[in-house]
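# please work out how this folds:
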Amino acid sequence: MPCVGNWRRLDWTCLKPVRHRRTTVVWRSVRPGWDGACSRKSNVEWNDRPMVEQQMTPIHAQDPALLLEEHFRQTAGQNGPLNPRLQVEAIGFSRYLGDWLGVVVTPDFVRLLLLPGGGSLWGDIPAGQRRYLELAGGTHTFFAEESAAIGPYQWAALVDSAAALPDMTSARLLALDGLRLATGRLPEQLPVAPAEAAPEVTRRGFFRRLAGKRP
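Take a look at the predicted model:
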């Protein structure tokens, strides 16, 4: 006898036995129209929710730098005070242990970003949670976020406030230094300095410059 009743009000409950491992019997709701002996009234409200399948994390097969720049240009100003001397730029993105690791500079922040690329470094955690990653430069705390434009990503701050940076040159140096310390190497696609550029800045000299001291 087919199931009958007002399904929206859940006046009738239609249950169909489903056997799982270890001979455990689980009763699963069946929508009206299932041809089975199920037409008894239940005093318990039954929520007919479909079984949730585990969703696969989207993988970035190509360098996500352009996608990130487009996204963060649209969201600039939502993560803290703006530094008008900085602009949005994705720096040094390359595969590290199979996933994408690089730095994003915006007027709001300078962050090390990790995106899934099918490797072993990425690990799914809910947005708003954090995880600790052992990289070449030590343990880094990454926070999870997700957006409709780029999907899930995780970030670690390289500086407390972007307002401390005097210009984009300093932000790029900070980004490259952060990548080198995190991974033990520099990315392949680095901006090439012109021949007349100033002498190479050491890590100690760079941070002294940020503090307003002479190298």
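# list the buried residues in stretch 162-170.
Using 16 or more other Cβ atoms under 10 Å as the burial criterion, the residues of stretch 162-170 that qualify are 162-163, 165, 170. All C-beta spots, glycine's among them, are computed from the backbone N, C-alpha and C.
# next one: stretch 68-81
68-69, 71-72.
# just the buried residues of the top strand by length along the chain, please?
Of all segments of type strand in the chain, defined using DSSP state E, the longest is strand 138-147. Neighbour counts over strand 138-147 (16+ other Cβ under 10 Å) mark 140, 142-144 as buried.
# repeat that for stretch 94-112.
94, 96, 99-112.
# got the domain boundaries for the protein?
According to automatic domain parsing, the chain comprises the domains 1-48, 65-191+201-210.
# tell me which residues in the one helix or strand residue 180 maps to are buried?
In this structure, residue 180 sits in helix 168-183 according to DSSP states H and E. Within helix 168-183, the residues that qualify as buried are 170-183, counting by 16+ other Cβ under 10 Å.
# ok, back up a step: which strands and helices sit next to the longest strand of the chain?
Helices and strands touching strand 138-147, by 3 or more Cβ pairs under 8 Å, 6 or more residues apart in numbering; DSSP states H and E, are strand 110-115, strand 130-135, strand 151-157.
# mean pLDDT added to those strands, as CSV?
Formatted as CSV, these follow (pLDDT from 0 to 100):
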stretch, mean pLDDT
strand 110-115, 98
strand 130-135, 96
strand 151-157, 97
